[in-house]
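In: can you look at this prediction? I've put the sequence above it.
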Amino acid sequence: MSFFEIAMLVCFGAGWPFAVIKTYRTKNVKGKSVLFIGLILIGYICGFLHKVFYNYDEVVFLYIFNGMLVFAELIMYFKYRNLAHRN
């Protein structure tokens, strides 16, 4: 288990809860990029798979947690994208 990997995941993941809450409250995805959200999600999935297949340790749960937050943001993007076009 690497301290630096944990720090990276905590730092990268720190903003996602706020983004998810803001999107949920405002129902506004204006300015968000589905490509960016998708690439971040793919990155977390790849990190998770690396942990599962090559170097399993408890850090895998940070990948899961961060991935779930990014996935929630992606779902809300598709749910609220039509609202952004109306305004």
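Out: In hand now; what should we look at?
In: ok, and what's touching stretch 42-52?
Out: Applying Cβ atoms under 8 Å, 6 or more residues apart in numbering, the external contacts of stretch 42-52 come out as Leu9, Asp57, Val59, Val60, Tyr63, Ile64, Asn66, Gly67, Val70. For every residue, glycine as well, the C-beta is placed using N, CA and C.
In: likewise stretch 58-77?
Out: So stretch 58-77 is contacted by 1-2, 5-6, 9-10, 12-13, 16-17, 19-20, 23-24, 29, 32, 34, 37-38, 40-41, 44-45, 47-48, 51-52 (Cβ under 8 Å, 6+ apart).
In: follow-up on the earlier one: quick one: buried ones out of the contacts of stretch 42-52?
Out: Leu9, Val59, Val60, Tyr63, Asn66, Gly67, Val70 (16 or more other Cβ atoms under 10 Å).
In: quick check, nearest of those residues to Tyr80?
Out: Within the buried ones among the contacts of stretch 42-52, the smallest distance to Tyr80 is 15.8 Å, found for Val70 (Cβ to Cβ).
In: okay, buried residues for whichever strand or helix holds the closest one please.
Out: Element membership for Val70, per DSSP states H and E: helix 60-86. Residues of helix 60-86 classed as buried by neighbour count (16+ other Cβ under 10 Å): 60, 62-63, 66-67, 69-74, 76-77, 80.
In: again, but for stretch 12-20
Out: For stretch 12-20, by 16+ other Cβ under 10 Å, it's Gly13, Trp16, Ala19, Val20.
In: with just CA atoms, put stretch 46-56 into CSV.
Out: Presented in CSV, the C-alpha positions along stretch 46-56 are these (Å, rounded to 0.1, in the frame of the first residue of the first chain):
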residue,chain,number,x,y,z
CYS,A,46,-8.5,1.0,-14.8
GLY,A,47,-6.9,1.7,-11.4
PHE,A,48,-9.5,-0.6,-9.7
LEU,A,49,-8.7,-3.4,-12.2
HIS,A,50,-5.0,-3.0,-11.7
LYS,A,51,-5.5,-3.4,-7.9
VAL,A,52,-7.7,-6.4,-8.4
PHE,A,53,-5.5,-8.2,-10.9
TYR,A,54,-2.0,-7.2,-9.9
ASN,A,55,-1.6,-5.5,-6.5
TYR,A,56,-4.7,-6.0,-4.3
